[in-house]
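# Need a 3D model of the following:
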Amino acid sequence: MSDHVWFFAYPEPTPPNARALLSGTIADLVGQGIIRRDRDPESILGEPRGPVHRPADGAIALARPYDSFAELLTNGAEFCGSLIFNHGPLNTETLECPRCGMTVSAGEVEAFNDQLEQIGEAVADADFSDTAVTCIACGAETSVNEWASEGGFIIAGFGVGLWNWPYGTPLMDAVRDSLERNVGRPGLASDGYRI
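You can find the predicted model right below:
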């Protein structure tokens with residue numbers, strides 16, 4: 001089995017109060033018994049971008065019948081108060097321009113790499129503007145996140161990463177609802193990738 005991470009995140013520049021916005025969600029999820037109060041940065045892969053908590057009994061109950069995730073070493077809820085790069089939408093064999101609909105496949109190595117480079121440079125610059133990426137076919141300027149599937153994102157300013165938590169369960173709905181309620185702003189996106 002490989003690891004995966006699913007994000008609920010805000011595809012906007014990181015606000016100065018991002019960590020404070022996430023602290024309300026942490027307190028709420030601890031109060032609901034969904035995450036443990038103590039932090040465990042070893043429960044994710046890589047360097048944490050904020051507090052990391054393991055699932056608690058409430059999470060296990062909401063995840064049934066997929067509750068075995070609680071036994072994994074990598075099962076943290078990572079509260080990311082800084083830039084999130086979700087490379088999942090770029091692990092593909094084709095890229096499609098959101099303006100002209102041109103599709104370039106990985107078989108067209110030079111064109112594919114050129115378009116990926118356009119996207120990658122915008123990600124590296126944390127460029128959330130509507131003109132961050134230029135389509136190599138039509139020349140239209142787009143945002144980075146327009147290259148993700150609907151409802152998804154490539155870069156986000158802050159959010160929650162759920163490592164190996166079972167998607168499509170009431171558990172995930174509870175986390176999303178808590179984040180939306182505590183952050184109190186529209187525009188929450190969700191997306192993830194397998195490692």
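# Averaged pLDDT, the helix or strand harbouring D28. What do you get?
Secondary structure from DSSP states H and E places D28 in helix 18-31. Helix 18-31 shows an average pLDDT of 97 in the prediction.
# Would you mark the buried spots in it?
Neighbour-count burial for helix 18-31 flags 18-19, 21-23, 25-26, 28-30 (criterion: 16 or more other C-beta atoms under 10 Å). Yep, even glycine has a C-beta here, placed from its N, CA and C like the rest.
# now do stretch 38-52
39-40, 43-44, 48-52.
# Kindly report the same for stretch 134-146.
Here stretch 134-146 shows 135-136, 142-146 as buried, counting by 16+ other C-beta under 10 Å.
# after the strand or helix carrying L95, next one along is what?
L95 is located in strand 94-96, with elements delineated by DSSP H and E. Per DSSP H and E, the first helix or strand lying C-terminal to strand 94-96 is strand 103-105.
# partner strands of that following strand, parallel or antiparallel?
Applying DSSP bridges to the sheet, strand 103-105 is found paired with strand 94-96 (antiparallel).
# Can you pull out the residues in contact with the strand it pairs with?
Residues from elsewhere that reach strand 94-96 (C-beta atoms under 8 Å, 6 or more residues apart in numbering): 102-106, 112, 115-116, 119, 147.
# Run the chain-centre distance for the helix holding D28.
Relative to the mean C-alpha coordinate of its chain, helix 18-31 is positioned 17 Å out (C-alpha atoms, centre = their mean, to the nearest Å).
# Skip ahead from it and say which helix or strand is next.
Following helix 18-31 toward the C-terminus (DSSP H and E): strand 35-39.
# Direction included, what does that following strand pair against?
Here, using DSSP bridges, strand 35-39 pairs with strand 52-55 (antiparallel).
# what pLDDT, on average, does the partner strand get?
For strand 52-55, the per-residue pLDDT averages 98.
# and if you look at stretch 69-80?
The average pLDDT within stretch 69-80 is 97.
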